[in-house]
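**Student:** Next comes the sequence, and after it the predicted model I'd like to discuss.
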Amino acid sequence: MKSILVLLLSLSALSLKAQTTAFESYKTLTDTVINSERLGFEKHVRVTVPFNWQPDLQAEFPLIVVFDSQNEKSHGYILNTIDYLTSNQQMPLSVVISVNSVEQHRVSETLHRVSGEKGKLSENEEFLFEELIPLAEEKWKASDFRILVGHSRYGYFTTSLFHSRIEDLNAVVSLSPFFYQENVNLVDSVMSLNNRELNSSKYYRFGIGNDFPDQFYAMDSVLKTVDHPMINASGKLFREADHNVTPGLTIAPALYDIFEYWSAAQAVYFDNDNKDFGQLAIQSQNIREHYGSNLNFALGILNGKGWYFYNEGKFEMAIAAWREMMMSYPNFSEGFLYIVYAEQELGRNTEQSEKFLRNSLEKSQIYSDDEKAEILNEIEK
């Protein structure tokens, strides 16, 4: 085990075997039903959480709400894209809540009352911000960083919220949206954002195929006039793409754009020799100021930094890097094992670090019993 000294360790091989079936970095926590008082009917949701999520973990994760989970093909692609980008350190581990809409209610859920007497868009907005998000924060460890992803009618809904709830959101990704309903013009609404006071960056990305090209040009032309330092908004026209293809074409570059700043910040930390680890604090602060929220660096970056120093023979710095990692990932118990390795190289007493390892391993839920035994056996050696 000690011979496995890699520059970038995304996730330990020990961790992966027990945690994933369909995903590399995520696991399905629950499928449940919320009886919405605001909407007056039930909403089915699925909660997908990071591999290291556990009930007693003192941590919070960015929240991504994906609507229209009943569309299994596009929904599955979106989840796998999130998993792919996370596993490659291009976005942080997040809590993903998938919201199902039944055909009976889908139109009314995304219809303004001024556009139709059966419209419940306002009630749906209340369901999201007064019922679902508070539940996610209380029960599923969601942070105040929020992204909404919606397709078609929910592309309209999420675009509407980018205007009405922009202070409560960090990003919106609208897939094949339209922007007009009777008595409502979202293009004009987005234009008015120039006058809003914002304290952190807000991202809006949309993709439209061959269904609404005229609406693409209308929104695209307006976004080019939005001159707000905190608003990062753009769209992409896929001229020959069908309505159900644009989600797959849009989601990956949209999420990449949203987290490009985060990815660049952690790259500065990883690439810098930072003997005093000053860049870790500097870049973490830059991220907070940019997004208005804390976003942990990827496990692979923090772990890889430790192994970089270890391979260079800078064992003190390797220990410091792994201690920083354990602050963000306390149940990734192997970090304490790596600290023991470095302390051995320095000829130090490893008793205290071994104690930390055993305590962490006892509480950690990301390892199977066999994997815990393997790690303990490494200590006994």
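**Tutor:** Good, I have the coordinates. Numbering: from 1, shown residues only.
**Student:** what number of residues lie near Ile166?
**Tutor:** Residues near Ile166, counting by other Cβ atoms under 10 Å, number 18. Quick note: C-beta positions are derived from backbone N, CA and C, even for glycine.
**Student:** list the contacts for the residue nearest to it when sequence neighbours are not counted?
**Tutor:** In space, and not counting its chain neighbours, Ile166 is closest to Lys202: 5.6 Å by Cβ to Cβ, 6 or more residues apart in numbering. Applying Cβ atoms under 8 Å, 6 or more residues apart in numbering, we find Lys202 in contact with 162, 166, 169-171, 230-233.
**Student:** And Lys202, how far from His163?
**Tutor:** Distance, Lys202 to His163, by Cβ to Cβ, to the nearest Å: 11 Å.
**Student:** Over to Asn195?
**Tutor:** For Asn195, the distance to His163 - Cβ to Cβ - is 12 Å.
**Student:** Pick out whichever of those two has more residues nearby.
**Tutor:** Neighbour count, other Cβ under 10 Å: between Asn195 and His163, His163 has more, with 17 against 7.
**Student:** pretty sure that one is in a helix, no?
**Tutor:** Yes. The assignment for His163 is a helix, going by DSSP: H, G, I helix; E, B strand; the rest coil.
**Student:** from what I can see it touches Ser189, true?
**Tutor:** Yes. Between His163 and Ser189 there is a contact at 4.2 Å, judged by Cβ atoms under 8 Å.
**Student:** Can you pull the phi/psi pair for Thr350?
**Tutor:** phi -100, psi 10 (degrees, to the nearest 10).
**Student:** ok, it - how many residues close by?
**Tutor:** 18.
**Student:** ok, now which ones touch it?
**Tutor:** So Thr350 contacts 340, 343-344 (Cβ under 8 Å, 6+ apart).
**Student:** Which of those residues fall within strands?
**Tutor:** Residues of the contacts of Thr350 located in strands (DSSP state E): none.
**Student:** Buried ones from the residues you listed, can you make that a PyMOL selection?
**Tutor:** Burial among these is assessed by 16 or more other Cβ atoms under 10 Å; the matching PyMOL selection reads:
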select buried, resi 340+343
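**Student:** who touches both of His163 and Ser189?
**Tutor:** Listed as contacting both His163 and Ser189 by Cβ under 8 Å, 6+ apart is no residue at all.
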